[in-house]
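**Q** Next comes the sequence, and after it the predicted model I'd like to discuss.
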Amino acid sequence: MNTKVAIYVRVSTHHQIDKDSLPLQRQDLINYTSYLLNTDDYEIFQDAGYSAKNTDRPKFQEMMSRIRQNEFTHLLVWKIDRISRNLLDFCDMYNELKKYNVAFISRNEQFDTSSAMGEAMLKIILVFAELERKLTGERVTAVMLDRATKGLWNGAPIPLGYVWDKVKKFPVVDERENVTVELIYNTYKKTKSTTAVRGVLNANNIKTKRGGSWTTKTISDIIRNPFYKGTYRYNYREPGRGKVKNEKEWVLIEDNHEAIIDKELWGICNNIMDINAQRNNAAGFRSNGKVHVFAGLLECGECHNNLYSKQDKPNIDGFIPSIYVCSGRYNHLGCTQKTISDNYIGTFIFNFISNIMVSQNKINKLDALTLERALLDGKIFKDIIGVENIETIQKISYSKNILKAKNVDTKDNSIELEIIKKEKVKFERAMQRLEDLYLFDDETMSEKDYVIKKTKINEKLKELNNKLKELDTCVDVSELNLMKEVSNFMLSKELLNAEYIDYKTLLLNVGREQLKDFVNTIIDKVLIKDKQILNIKFKNGLETKFIYKL
């Protein structure tokens, strides 16, 4: 291989005129190349006015780039400090030179790594460089640990919910982001699922600290982080997100800074996470980990076999829907029905039930056509022109709840009870909005107006609670009243107050198991064909047959 030399020269200032000046370096190195390396094939790279404290120099970087392209066999300098006064930078450079089989020569120090002596000298330098690196690391670690024991910030990504304070030189609570942290902990406490939390955050377009979408890992890290309860933890892992260190090596300072989450809630959520971790390690739990809300209720309208359930592919936001497949088609019995998603089924059924609940208290005042329109209100029903047996539905509703158990009498005050419950929900919501308005917008309302309005709402709530106590004692507890069923979970609020039920949102807010229990309580069978719901048969014997557009 032909010898080609990269000559590197450098001085710190443009006006440096001494024995190390650029002209002297350049000429001496050219002579060395010609007479000692026996070649005139060289190229000069010179940086004037650049310090050797780092390698951020244009000609040096250009030279290294061309070395990586295998253009040179030797790198020649006047002295080692022309390349770098930082031993660590020098060692990194030399390791790269070895990678590309380039010999390093220092003219002034008679240092040539192409010879055995030169290589040995360099190794001695590298040993001391490694020693310097380790000693520096130990000094830095000692300083950082000392700072941590005093509760001082050692530099790291600021956690969600906090912002850097230049005066305190420590993260303080961010009044905007802390709401997201509280939502994460409260939702996890309720759902016991990081997947559910992720779905709520992504569905509401709430971003991470860096503006991205949520993962279950990010949520787990937040729940596990004691920083949110005011505890400063340092030296917890090996560098670079490595394995967790021995607990004896941790630095833990309780009540070091302002907390976003109280210790009780933090402990509850972490205990749930511990239990879930144990369950996930059990084979039996993994096999039953997925709940399909409509499993066992769906019948094929073509072959009249049941539809079986399975998991679909995850959505972009991580949500994993269920899909239902006709067993007649799966077992090659000649059925042609395609799979159907629980998102369509759930949106259809729960919007229909919601329409029934909203309409039932005034159903005896509606004519058949108006009732039909009320039951089919919503975009999910846009392809349906009517309900086949609307008169039967109306007739049954004159005497009892439309979804009430068959042959069970309704007390006269049951309708009044449900009206009062619905009104109570509205006033509770009004109270929440009033408090939010007063607490978070100082200019909107005076303290006097706030107290007056709050007093009126409290008086109304007290009046409604007294009425509820009186009516509760008169209601037959054996009734299979729809409102009584849903009062055990969040469905009452969702079904009565939403203009349109989005199934995915409902599922994330309420939970799969609760929805499954509910539909199994009131629904006997759902007939499906061509990806459409043809008929819903309720437990009380009532059937609703839907008429679709041609």
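**A** Happy to help now that I have it.
**Q** now the end-to-end length of stretch 231-250.
**A** From its first residue to its last, stretch 231-250 covers 12 Å (Cα to Cα, to the nearest Å).
**Q** Tell me the gap between that stretch and the middle of its chain.
**A** Distance of stretch 231-250 from its chain centroid, counting by Cα atoms, centre = their mean, to the nearest Å, is 23 Å.
**Q** Give me the contacts around that stretch.
**A** Applying Cβ atoms under 8 Å, 6 or more residues apart in numbering, the contact partners of stretch 231-250 are 144-145, 148, 151, 154, 225-227, 251-257. Bear in mind the C-beta positions are built from the backbone N, C-alpha and C, glycine included.
**Q** Just the ones in strands from those residues, please.
**A** Among the contacts of stretch 231-250, DSSP state E puts 251-253 in strands.
**Q** Check the average confidence over the helix or strand where residue 104 lies, would you?
**A** Assigning secondary structure by DSSP states H and E places residue 104 in strand 103-106. Per-residue pLDDT values across strand 103-106 average out to 88.
**Q** cool, stretch 511-531 as well?
**A** Stretch 511-531 comes out at a mean pLDDT of 88.
**Q** how long is that stretch end to end?
**A** End to end - Cα to Cα - stretch 511-531 spans 24 Å.
**Q** Between the ones in strands among the contacts of stretch 231-250, identify the one with the most neighbours.
**A** The most crowded member of the ones in strands among the contacts of stretch 231-250, judged by other Cβ atoms under 10 Å, is residue 251 (18 neighbours).
**Q** any idea which of the contacts of stretch 231-250 is closest to residue 385?
**A** If you rank the contacts of stretch 231-250 by distance to residue 385 using Cβ to Cβ, residue 225 comes first, at 55.2 Å.
**Q** Residue 198 versus the closest residue to that closest one other than its chain neighbours, what's the distance?
**A** By the measure of Cβ to Cβ, 6 or more residues apart in numbering, the closest residue to residue 225 outside its immediate chain neighbours is residue 159, 6.4 Å from it. Distance, residue 159 to residue 198, by Cβ to Cβ, to the nearest Å: 18 Å.
**Q** Show me which of the two is the more surrounded one.
**A** Taking other Cβ under 10 Å, residue 159 and residue 198 do not tie; residue 198 has more neighbours (23 against 18).
**Q** Can I take it that that one is in a strand?
**A** No - per DSSP: H, G, I helix; E, B strand; the rest coil, residue 198 lies outside any strand segment and is helix.
**Q** How about the contacts made by the nearest residue to it once chain neighbours are set aside?
**A** Leaving aside its chain neighbours, residue 198 sits nearest to residue 214 (4.7 Å; criterion: Cβ to Cβ, 6+ apart). Counting by Cβ under 8 Å, 6+ apart, residue 214 touches 197-198, 201-202, 206, 208, 318.
**Q** Among those residues, name the buried ones.
**A** Buried residues within those, counting neighbours by 16 or more other Cβ atoms under 10 Å: 197-198, 201-202, 318.
**Q** Name the nearest of the residues you listed relative to residue 312.
**A** Closest to residue 312, out of all of the buried ones among the contacts of residue 214 and judged by Cβ to Cβ, is residue 318, at 12.6 Å.
**Q** list the helices and strands whichever strand or helix holds residue 66 packs on?
**A** Residue 66 belongs to helix 58-67 when assigned by DSSP H and E. Contacts defined by 3 or more Cβ pairs under 8 Å, 6 or more residues apart in numbering; DSSP states H and E place helix 58-67 against strand 5-11, strand 42-48, helix 87-99.
**Q** ok, then the element right after it?
**A** Following helix 58-67 in sequence, per DSSP H and E, is strand 74-77.
**Q** downstream neighbour of that next one in the secondary structure list?
**A** With DSSP H and E, the next secondary element past strand 74-77 is helix 80-83.
**Q** Just the C-alpha atoms of that following helix, please, in CSV.
**A** What follows is helix 80-83, C-alpha atoms only, in CSV (Å, rounded to 0.1, in the frame of the first residue of the first chain):
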residue,chain,number,x,y,z
ILE,A,80,1.1,15.7,20.8
ASP,A,81,-0.5,18.8,22.2
ARG,A,82,-1.0,20.1,18.6
ILE,A,83,-3.7,17.4,18.4
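**Q** That helix packs against which elements?
**A** When contacts are defined as 3+ Cβ pairs under 8 Å, 6+ apart, helix 80-83 sits against strand 5-11, helix 87-99.
**Q** so which of those comes closest to residue 77?
**A** Closest among the helices and strands packed on helix 80-83, using Cβ to Cβ: strand 5-11, at 5.2 Å.
**Q** Walk me through which strands the closest one pairs with, and which way each runs.
**A** Strands that pair with strand 5-11, judged by DSSP bridges, come out as strand 42-48 (parallel), strand 74-77 (parallel).
**Q** That strand: how far from the chain's middle?
**A** 52 Å.
**Q** Contacts for that strand next, please.
**A** Contacts for strand 5-11 (Cβ under 8 Å, 6+ apart): 20-22, 25-26, 29-30, 33, 37, 39, 41-50, 52, 57, 59-60, 63, 66-67, 71-78, 82-83, 102.
**Q** For ChimeraX, write a command that selects the buried ones of those residues.
**A** Provided next is the ChimeraX selection string for whichever of the contacts of strand 5-11 are buried by 16+ other Cβ under 10 Å:
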select :20,22,25,29,30,33,37,42,44,45,46,47,48,50,52,57,59,60,63,67,72,73,74,75,76,77,78,82,83,102
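**Q** Specify which member of the ones in strands among the contacts of stretch 231-250 is nearest to residue 544.
**A** Nearest to residue 544 among the ones in strands among the contacts of stretch 231-250, counting by Cβ to Cβ, is residue 252 at 60.7 Å.
**Q** re the thing from before, save the contacts of residue 214 as TSV, and put in pLDDT too.
**A** Below are the contacts of residue 214 laid out as TSV (pLDDT from 0 to 100):
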residue	pLDDT
197	90
198	89
201	90
202	85
206	90
208	91
318	64
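**Q** of all those residues, which comes closest to residue 513?
**A** Of the contacts of residue 214, the one sitting nearest to residue 513 (Cβ to Cβ) turns out to be residue 197, at 16.5 Å.
**Q** What are the contacting residues of stretch 329-343?
**A** Identification of contacts with stretch 329-343 by Cβ under 8 Å, 6+ apart yields 292-294, 300-303, 305, 307-309, 312, 321-326, 328, 503-504, 528-531.
**Q** Which residue, other than its chain neighbours, is closest to residue 355?
**A** residue 375 is the one closest to residue 355 (Cβ to Cβ, 6+ apart), at 4.9 Å.
**Q** Residue 40 too?
**A** In this structure, residue 40 finds its nearest non-sequential neighbour in residue 34, 5.9 Å apart by Cβ to Cβ, 6+ apart.
**Q** what about the residue nearest to residue 198, distance to residue 74?
**A** 54 Å.
**Q** Equivalent analysis for residue 49, please.
**A** Using Cβ to Cβ, one obtains 26 Å as the distance from residue 49 to residue 74.
**Q** so where's the stretch 101-250 of the chain uncertain?
**A** Along the stretch 101-250 of the chain, segments meeting pLDDT under 70 span 110, 126, 129-130, 133, 240-242.
**Q** hey, where'd the strands end up in it?
**A** Taking DSSP state E, counting those that start in this stretch, the strands of the stretch 101-250 of the chain run over residues 103-106, 111-112, 162-165, 170-173, 232-234.
**Q** so which of those strands is the most packed in?
**A** Scoring those by mean neighbour count under mean count of other Cβ atoms under 10 Å gives strand 103-106 as the most buried, with a mean of 22.
**Q** Can you flag the weakest of the strands paired with strand 5-11 by average pLDDT?
**A** Between these, the one with the least mean pLDDT is strand 42-48; it has a mean of 89.
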